[in-house]
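Engineer: predicted model follows, preceded by the sequence.
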Amino acid sequence: MGDTGESGFSVDQVIGNSPRIFQNKSLVSVGTVPDEGRIVGRQEEITNVALSLEDIIYNDVPDNIQIYGKTGTGKSLVSRHVSSKIAERAEENGVHATNVYVDCNANNTITRASRTLYFSVFDELDEKYGIKAQPSISPPPKRGVGWKTYTEELWDIVDDYYDGLVIILDEIDLLEDFNNLLHALSRARENDEIETYISIVLISNKTTQFRNKVNQRVKSSMGGSEFVFSAYNADQLEDILENRRDAFEEGVLGDNTIGRAAELAADEHGDARKAIELLNKAGMMARRNMDETVTEDHVTEARDLVEADLLSKSISTLPDQAKLVLYTLTKRLNGRGDTVSTSQVYDRYQTVAKDVESNVLGYQRVSDLLDELEFLGVTMSERKGRGDRRGIKKDHELNHRPAIVLAATLAEDPRLQDLESVSSPEDILQ
């Protein structure tokens, strides 16, 4: 008899005997860039981005682009799809071009971002031409060198092999010292470091905050076009999910399963990424329960887990001390819409830091970390007068239900799980 897991089914009962839910699971995987026929509700945006990059196919100067919009509005999807098509069309015209995508959430320092840029191009060229075997090309080490080494080496190989290059920097607002990298990229041709035409596509969820952090020399060298992607409505989200119905075996999805996923995602800021992940998680839950149909109930049950998972990706970029501050704030709040002051957070934070044997930061540094949480969209804050000439205080609240934030924070900081006495962050949501 095989071991029995929490679901009540033994390993032998599960393997090879679970209901066939998925036919092509990649279609409901968030990282997949689908074919153009599956991109719904973004034709105008596709056209705008394509026209900005189109000059590359004629070996001429393309625009730089800045794209803004909330999470899950198709910014990354459209940029990656269009830039790939531009590179393909350029090659058909005899113009050698490529596109490079950098996730600044995962590569949040300019050294990591520059390294990713370099090795993305290097690996593609090696696949095409076997450049690793060429004695004249020696890639820099992956550790122990500064970001300028990677950009200087990048220009060498780009200039030798490409006429055009599209660089997509996704979630650029999460990249430390991005001004230095943007200045280097946008001035490379002007400074005679390369002859290749470069288009830089910047993607950000934080329109005003990002613009305010871009320095004047970068603004003057970047120029280009700005586009804002609006949130999807429920009908668009339903169309998006219908275009991925074949991710599942025929007949597996219940009558209103797709409609329910679209409705829930539309209520939460029109996030297509969340809608797709909801459908994915609902299918996984059905399979885990050995159910043969994915129902509305599976979608509803998956909602909190999906929100916590997406929130975890933002929290993962935070320094450890910021996670302690977020945990403290969450524990001080009774519900979404409840508020707490900076001083109240700091009073409790000192105890939390000591409980996990961490250094205790000063009041101002904790206040700065609370501002960082607001920048990420995890929290909101408001300045209020104390009255009687007692100055100004700052009140903070969460953008998500405390249970969701708590589960996501625990998932990213195991030290805090001991304080909660939970075996898994998902226990918080059950």
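Structural biologist: Here it is on my side, so go on.

Engineer: so where do the strands sit in the protein?
Structural biologist: Using DSSP state E, the strands found in the chain span residues 65-69, 97-103, 164-170, 197-204, 225-229, 340-341, 379-385, 392-398.

Engineer: export those strands to TSV and tack on mean neighbour count?
Structural biologist: (Each C-beta comes from the backbone N, C-alpha and C, glycine too.) Converted to TSV, the strands of the chain look like this (neighbours: other Cβ atoms under 10 Å):
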stretch	mean neighbour count
strand 65-69	22
strand 97-103	22
strand 164-170	26
strand 197-204	24
strand 225-229	15
strand 340-341	18
strand 379-385	13
strand 392-398	17
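
Engineer: can I get these in CSV with distance to K274?
Structural biologist: Shown next, in CSV, are these (distance: least, Cβ to Cβ, whole Å):
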stretch, distance to K274
strand 65-69, 14
strand 97-103, 18
strand 164-170, 17
strand 197-204, 17
strand 225-229, 15
strand 340-341, 27
strand 379-385, 19
strand 392-398, 17
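
Engineer: kindly provide the distance from D163 to A97.
Structural biologist: D163 sits at a distance of 6 Å from A97 (criterion: Cβ to Cβ, to the nearest Å).

Engineer: what is in contact with these two at once?
Structural biologist: 56, 90 (Cβ atoms under 8 Å, 6 or more residues apart in numbering).

Engineer: where among the strands of the chain is average confidence lowest?
Structural biologist: Per-stretch mean pLDDT for those is lowest at strand 379-385 (a mean of 79).

Engineer: can you give the distance of stretch 272-290 from its chain's centre?
Structural biologist: Computed by Cα atoms, centre = their mean, to the nearest Å, the separation of stretch 272-290 from the middle of its chain amounts to 19 Å.

Engineer: cool, stretch 143-162 as well?
Structural biologist: That offset, for stretch 143-162, works out to 25 Å (Cα atoms, centre = their mean).

Engineer: again with stretch 182-198
Structural biologist: Here stretch 182-198 shows a centroid-to-chain-centroid distance of 27 Å under the convention Cα atoms, centre = their mean.

Engineer: who touches the closest residue to E36 other than its chain neighbours in this structure?
Structural biologist: Spatially, and ignoring its direct neighbours in sequence, E36 is nearest to H81 (6.4 Å; Cβ to Cβ, 6 or more residues apart in numbering). Contact analysis of H81 by Cβ under 8 Å, 6+ apart lists 33, 36, 39, 46.

Engineer: need the contact list for the last one.
Structural biologist: Which is I46. Counting by Cβ under 8 Å, 6+ apart, I46 touches 36, 39, 78, 81-82.

Engineer: closest to T351 out of those?
Structural biologist: V78 (46.6 Å; Cβ to Cβ).

Engineer: let me see the contact set for that closest one.
Structural biologist: Going by Cβ under 8 Å, 6+ apart, V78 touches 39, 42, 45-46, 49, 67, 229.

Engineer: quick one: which two of the residues you listed are the most distant?
Structural biologist: So, the contacts of V78 by Cβ to Cβ: farthest apart are I39 and I67, at 14.8 Å.

Engineer: my read: K213 touches L174, true?
Structural biologist: No: contact between K213 and L174 fails when scored by Cβ atoms under 8 Å: they sit 11.3 Å apart.

Engineer: neighbour count winner among these two?
Structural biologist: Neighbours were counted for K213 and for L174 using other Cβ atoms under 10 Å; L174 has more, 22 against 15.

Engineer: flag the shaky bits of this protein, pLDDT-wise.
Structural biologist: By pLDDT under 70, the low-scoring segments of the chain are 1-18, 334-337, 384-391, 421-430.

Engineer: quick one: D297 from T257, how far?
Structural biologist: According to Cβ to Cβ, D297 stands 9 Å off from T257.

Engineer: of these two, which one has the most company?
Structural biologist: Applying other Cβ under 10 Å to D297 and T257 shows that T257 carries more neighbours, namely 25 against 15.

Engineer: so what touches stretch 222-237?
Structural biologist: Residues from elsewhere that reach stretch 222-237, judged by Cβ under 8 Å, 6+ apart: 40-42, 45, 48-49, 52, 63-70, 72-75, 78, 182, 186, 200, 202, 207, 214, 240, 261-263, 265-266, 269-272, 275.
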